[in-house]
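Visitor: model the following, please.
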Amino acid sequence: MAKTQLNVRVDEGTARVARERALARGMSVNRYIEELVRQDTGEVGHTFVEAAADFMKQYEAVFAQELGAEREGRG
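Guide: A predicted model of the protein is given here:
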């Protein structure tokens, strides 16, 4: 994906916290801010839900078998 430069001005305290949080997570400030925006727009949640749906579809038969066994008193 192409990158676009975005310049923002924040107070020194906000900049310090952003640097500290990024460092604690082992990432650049740029990456940290990108992830914050993605979280805010729900992109991360959407990706999680898609992955969970794929997982459920892949193992649907296993879940149905286990739930069926529980309902019949075998689980």
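
Visitor: quick one: terminal-to-terminal distance for stretch 47-67?
Guide: The first residue of stretch 47-67 is 27 Å away from its last residue (Cα to Cα, to the nearest Å).

Visitor: what packs against the strand or helix carrying K57?
Guide: Assessed by DSSP states H and E, K57 sits inside helix 43-58. On a contact count with 3 or more Cβ pairs under 8 Å, 6 or more residues apart in numbering; DSSP states H and E, helix 43-58 meets helix 29-41. Heads up, the C-betas are built off the backbone N, CA and C, glycines and all.

Visitor: what sits up against the helix it packs on?
Guide: Helix 29-41 is contacted from outside by A18, R19, R21, A22, R25, M27, V44, G45, using Cβ atoms under 8 Å, 6 or more residues apart in numbering.

Visitor: which ones among those residues map onto helices?
Guide: A18, R19, R21, A22, V44, G45 (DSSP state H).

Visitor: among the residues you listed, name the buried ones.
Guide: Among these, those buried by neighbour count (16 or more other Cβ atoms under 10 Å) are A18, A22.

Visitor: tell me the one of the ones in helices among the contacts of helix 29-41 nearest E60?
Guide: Among the ones in helices among the contacts of helix 29-41, G45 lies closest to E60 (Cβ to Cβ), at 22.4 Å.

Visitor: so what's that closest one up against?
Guide: Q39.

Visitor: about what we covered before: relative to helix 29-41, how tilted is the helix holding K57?
Guide: For helix 43-58 against helix 29-41, the angle by axes from the mean of the first three to the mean of the last three Cα atoms, to 10 degrees is 70 degrees.

Visitor: farthest-apart pair in the ones in helices among the contacts of helix 29-41, please.
Guide: Distance extremes for these: the farthest pair is R19 and G45 at 26.1 Å, using Cβ to Cβ.

Visitor: follow-up on the earlier one: of the ones in helices among the contacts of helix 29-41, which one scores lowest on pLDDT?
Guide: Lowest in pLDDT among those is V44, which has 67.

Visitor: which element follows the helix holding K57 toward the C-terminus?
Guide: Toward the C-terminus, helix 43-58 is succeeded by helix 60-71 as the next helix or strand (DSSP H and E).

Visitor: ok now that next one, how far from the chain's centre?
Guide: The chain centroid and the centroid of helix 60-71 are separated by 29 Å, computed with Cα atoms, centre = their mean, to the nearest Å.

Visitor: good, we can wrap up now.
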